[in-house]
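Undergrad: 3D model of this:
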Amino acid sequence: MRLRRITPFLWYSKDAVDAARFYCRIFENSRLISKNPMGCTFVLDGQVLHALNGGPVYPLSPAFSLYVDCRDQKEVDYYWSRLLRGGKPSRCGWLTDRFGLSWQVVPRALNGTLHGKDPAGARRAREAMMQMVKLDVAKLKAAYRGK
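TA: Got it, this is the predicted structure:
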């Protein structure tokens, strides 16, 4: 597999290979490419990532997250429930998995509601989103429509 010019590089305190295996079980078209005691290289749905067992010097934080583009609520529910196992929910579709990596699990409908042609609808959708933990497509659309 040819590496892309720019590839995310994740610094884990430990358990980089376990994290990669966890993610590969969740996402289709994913696999562990290589591993060694220092870390691994893996592919998540076509995106190559490197992971290092670098120790606790630089912990993962929400300053870097992986964004999961979900077609619909069913996909949001699928990825949310699996990535959250052992992790912590945040707000607005964000969560931190059990390995400390932050994820945004986002339905495509969010873009249409936050950036729709109706400014008042977009404001209502944004306000609704700010009250959510896991994003809810039906509630976002209802807020946009003013219902």
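
Undergrad: For the helix or strand of the chain with the lowest mean pLDDT, enumerate the helices and strands it packs against.
TA: Sorting the helices and strands of the chain by mean pLDDT, DSSP states H and E puts helix 109-114 at the bottom, at a mean of 95. Contacts defined by 3 or more CB pairs under 8 Å, 6 or more residues apart in numbering; DSSP states H and E place helix 109-114 against helix 119-130, helix 137-145. From N, CA and C alone the C-beta is placed, and that goes for glycine too.

Undergrad: In contact with the residue nearest in space to the middle of the chain, which residues are there?
TA: In the chain, the centroid-proximal residue (CA atoms, centre = their mean) is residue 103; its distance is 2.7 Å. Contact analysis of residue 103 by CB atoms under 8 Å, 6 or more residues apart in numbering lists 65-68, 79, 83, 94-97.

Undergrad: Next: residue 69.
TA: With CB under 8 Å, 6+ apart, residue 69 has these contacts: 106, 108.

Undergrad: Next, the angle helix 137-145 makes with the helix or strand it falls within.
TA: Here residue 69 sits within strand 65-70, counting by DSSP states H and E. Relative orientation of strand 65-70 and helix 137-145, computed by axes from the mean of the first three to the mean of the last three CA atoms, to 10 degrees: 90 degrees.

Undergrad: Name the residues of strand 65-70 that come out as buried.
TA: Neighbour-count burial for strand 65-70 flags 65-66, 68, 70 (criterion: 16 or more other CB atoms under 10 Å).
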